[in-house]
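Engineer: Give me coordinates for this.
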Amino acid sequence: PEGNYLGSYSPEYFAHAMQTPWGDALNFATPAMRRLVIDNARYWLTEFRFDGLRLDASHAMFDPGERPILAELAAEVRALPQHRLLIAEDETNDPALVLDVGLDALWADDFHHVVHVVLTGERDGYYGAFEPKVLDLARCIERGFLYEGQPWPPSGKPRGADASGLPAPAFVYCLQNHDQVGNRALGERLHHLTRLDLYCAASMLLLFLPMTPLLWMGQEWAASAPWQYFTDHPPELGAQVTAGRRAEFKLFAAFHDPERRVQIPDPQAAATFERSPLDWSERDAGEHAGVLALYRALLHLRRADETLKVQDRSNMSVGTVGEHALWVSRKGPAGDRLLVIDFGPREAAGPPTPPQGRRWRLLLTSGGEVHPALPPARAAIYAADADAS
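Structural biologist: Coordinates of the predicted model:
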């Protein structure tokens, strides 16, 4: 809404009849706009030597041409001397963006959403399309997406397609990101909304899977700071943004009451920004140090273990036990690896145990065995080595 002067150079840069949530759509029927987008991408990748680009809201890129702009971009980037990543943030769950268009990966938000509702029980907004069922989480992991063409409740239209042809690295999984936290009314992080033992278990799940994990700033030590939506617009536009921000949440159960809505932080207030930076010093103390130790142990295991370092979906299996327990098995050169998580009410003092019948060796837990400041473990990784019966 501010600072975009492309329209002053040429009105043909925009398709004024086609609207997006951000205003007029870019007009990719105009050769100059296509060249601008592709040259700009090449600029960041070649001049600044970025490893890749995350393409924001690619589902809102309307292109009437025979060759989609994303396919043209992918072809130009593939022609560069060194490989560069192209990752789409796209809500359509469309495997063709990788298989046909030529991108490297997709942000797979279904995983985030179903983990969120399992841990928090929240059903407001788009979370209403997901149920807090461990069985749904298992299906999402096994299939890559949860929605593979089923009707999407907010629209009633089919969403997604069969993703069995996508390799594991093509799915970008996360527990939180700037959208999922910053778009909340109060900017709470996931561990602010659930118990720490559940958060640690979900962290273990994220880093055990062969998909590409996205770690968002501060999650690796359960940072205390929220991430609240802040802006610095001129007063007139700023007032509209503040009003729009509060109106956005009027349909949420927690903000039906107008008095509650006025408590939503003002994006224009300096205090909203000042609450959001990370406190890096807290990493060395208490539960923060414990969570950081867990993430370091998980990342080391993911990098060093000969089975877990192979990003392969074909040797992964997923299942549930009852309503609350999830297991994920991965086969590889060093033998089988098994993750067991208990998401339900838990009284046991020790970590969840593997099924009997095989000789399992404990590799890592999500609790006090890693760091004394962590709560009792809800998740554990076991190994059945290649030479073990």
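Engineer: Dihedrals phi and psi, the nearest residue to Gly368 once chain neighbours are set aside?
Structural biologist: Once flanking residues are discounted, Gly368 sits nearest to Leu374: 5.2 Å by C-beta to C-beta, 6 or more residues apart in numbering. (Each C-beta comes from the backbone N, C-alpha and C, glycine too.) Torsion angles at Leu374 (phi, psi; degrees, to the nearest 10) stand at phi -90, psi 150.
Engineer: what do you get for the one 5 residues further on?
Structural biologist: For Ala379, the backbone dihedrals are phi -140, psi 150 (criterion: degrees, to the nearest 10).
Engineer: one step back: surely the residue nearest to Gly368 is in contact with Ala289?
Structural biologist: No: contact between Leu374 and Ala289 fails when scored by C-beta atoms under 8 Å: they sit 9.4 Å apart.
Engineer: Neighbour count for these two, which is higher?
Structural biologist: Using other C-beta atoms under 10 Å, the more surrounded residue of Leu374 and Ala289 is Leu374, with 21 against 18.
Engineer: and that one, what does it touch?
Structural biologist: Residues in contact with Leu374 (C-beta atoms under 8 Å, 6 or more residues apart in numbering) are 196-197, 200, 287, 290-291, 293-294, 366-368.
Engineer: quick one: which two of those are the most distant?
Structural biologist: Asp197 and Ala293 (14.8 Å; C-beta to C-beta).
Engineer: Of all the helices and strands in this protein, which has the lowest average confidence?
Structural biologist: helix 258-261 (a mean of 85; mean pLDDT, DSSP states H and E).
Engineer: pLDDT weak spots in the stretch 151-300 of the chain?
Structural biologist: For the stretch 151-300 of the chain, no stretch is flagged by pLDDT under 70.
Engineer: Regarding Asp94, what are the backbone dihedral angles?
Structural biologist: phi -110, psi 100.
Engineer: count of residues packed around it?
Structural biologist: Other residues close to Asp94 by other C-beta under 10 Å number 20.
Engineer: Tell me the spacing between it and Asp100.
Structural biologist: Relative to Asp100, Asp94 is positioned 9 Å away (C-beta to C-beta, to the nearest Å).
Engineer: Same question for Val340.
Structural biologist: Using C-beta to C-beta, one gets 38 Å for the distance from Val340 to Asp100.
Engineer: So for these two, which residue has more residues nearby?
Structural biologist: Set Val340 next to Asp100 and count neighbours by other C-beta under 10 Å: Val340 wins out with 24 against 12.
Engineer: Could I have the CA atoms of whichever strand or helix holds that one written out in PDB?
Structural biologist: Using DSSP states H and E, Val340 falls within strand 335-342. Extracted C-alpha coordinates of strand 335-342, given in PDB (Å, rounded to 0.1, in the frame of the first residue of the first chain):
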ATOM      1  CA  GLY A 335      19.400 -50.200  10.100                       C
ATOM      2  CA  ASP A 336      15.900 -49.100  11.300                       C
ATOM      3  CA  ARG A 337      15.200 -46.000  13.300                       C
ATOM      4  CA  LEU A 338      12.000 -45.500  15.200                       C
ATOM      5  CA  LEU A 339      10.400 -42.400  16.700                       C
ATOM      6  CA  VAL A 340       7.700 -42.900  19.300                       C
ATOM      7  CA  ILE A 341       5.600 -39.900  20.600                       C
ATOM      8  CA  ASP A 342       2.800 -39.900  23.200                       C
END
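Engineer: Can you tell me the strand partners of that strand and which way each runs?
Structural biologist: strand 325-332 (antiparallel), strand 379-385 (antiparallel) (DSSP bridges).
Engineer: Just put these in a markdown table and tack on distance to Arg245, mean neighbour count and mean pLDDT.
Structural biologist: Shown next, in a markdown table, are those (distance: least, C-beta to C-beta, whole Å; neighbours: other C-beta atoms under 10 Å; pLDDT from 0 to 100):
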| stretch | distance to Arg245 | mean neighbour count | mean pLDDT |
| --- | --- | --- | --- |
| strand 325-332 | 36 | 19 | 97 |
| strand 379-385 | 36 | 23 | 95 |
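Engineer: Which one, of those, ends up nearest to Ser281?
Structural biologist: strand 379-385 (28.1 Å).
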